[in-house]
Structure formats: structure tokens, C-alpha cells
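Student: Sequence plus predicted model, see below.
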Amino acid sequence: MKDMKTDALWDHLHWLTVLAEQGSFTRAAERLDVSKAAMSQKIKELEQMAGVLLVQCTTRSVRLTSAGEKLVEELREPFARIEQSFFSVRDTAGPGTGARHRAGGFCPSAAGADHW
């Protein structure tokens with residue numbers, strides 16, 4: 001796990017939680033606004049990183065394995081705290097937020113930039 005990129009791991013974990021909530025690759029892909037193939041690939045990559053099967057699929061259903069259930073359950077609280085922190089910061093910012101200036105230049109954080 002040392003050579004796993006943390007940024008990639010966040011996406012993979014988030015997509016797994018969405019899959020668990022939606023109960024279907026199609027609905028999860030729609031919610032994330034990605035293709036079903038991309039969704040499937042992301043879960044397959046996560047399983048390879050984890051070294052364990054997380055999702056069992058049949059032609060009619062998708063369900064988490066016990067390892068997948070454990071992982072999603074352990075992610076619920078930290079993801080809920082992250083979401084709560086985000087909304088807390090957003091709510092305290094008030095109206096009129098958007099692109100901000102910072103010392104040393106323009107910071108287009110609210111304009112959709114991935115990084116500074």
C-alpha cells in the first residue's frame with residue numbers, strides 16, 4: 001500500500017460507497033456522471049489494490065462481499081465528517097463566494113481548478 005497514490009484511492013473509495021448506496025452499477029454510474037464501464041473499472045482497480053473481492057455481481061444483482069461491507073461501513077463515519085466539514089465551511093462563507101485572491105496571485109478554487 002505504500003506505493004498507492006492517495007488521490008486515486010479517495011476516488012476509488014468514494015465510488016465504492018456510491019455503488020453500495022445505489023445498489024447497481026448503472027445507477028451509481030449515473031449518479032457519478034460516468035460510464036458504467038468506467039464505474040466497473042474503478043471498482044476492479046480498488047479490488048486489485050485491496051487484494052480482495054469487494055463486490056459480487058450477477059447478471060441481475062450487485063452486492064458487496066463481507067469485505068466490501070466492512071470497508072463501506074468503516075468509510076461511512078469519516079466520509080460523513082468530511083461532508084459535514086465541507087458544508088460547515090461553505091455555510092460560514094456566506095453569499096458572494098467564488099474565485100478568491102490570495103497572496104501571490106489568483107486562486108481560482110471556486111472556478112473549478114483542481115489545484116493551485
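Tutor: Now that the structure is in, tell me what you want to look at. Numbering: from 1, shown residues only.
Student: pLDDT weak spots in this protein?
Tutor: Along the chain, segments meeting pLDDT under 70 span 1-6, 95-116.
Student: Could you state which residue of it sits nearest its centroid?
Tutor: Central residue of the chain (C-alpha atoms, centre = their mean): residue 14, 2.3 Å from the mean position.
Student: List the contacts of it.
Tutor: For residue 14, the contacting residues are residue 79, by C-beta atoms under 8 Å, 6 or more residues apart in numbering. (Glycine included, C-beta is placed from N, CA and C.)
Student: can you give me how far whichever strand or helix holds it is from the chain middle?
Tutor: Using DSSP states H and E, the element containing residue 14 is helix 6-22. Chain-centre distance of helix 6-22: 4 Å, with C-alpha atoms, centre = their mean, to the nearest Å.
Student: which residues are contacting the next helix or strand after that helix?
Tutor: Note on helix 6-22: by DSSP H and E, the next helix or strand toward the C-terminus is helix 25-32. Applying C-beta under 8 Å, 6+ apart, the contact partners of helix 25-32 are 15, 18-19, 21-22, 35-36, 38-40, 43, 57, 62.
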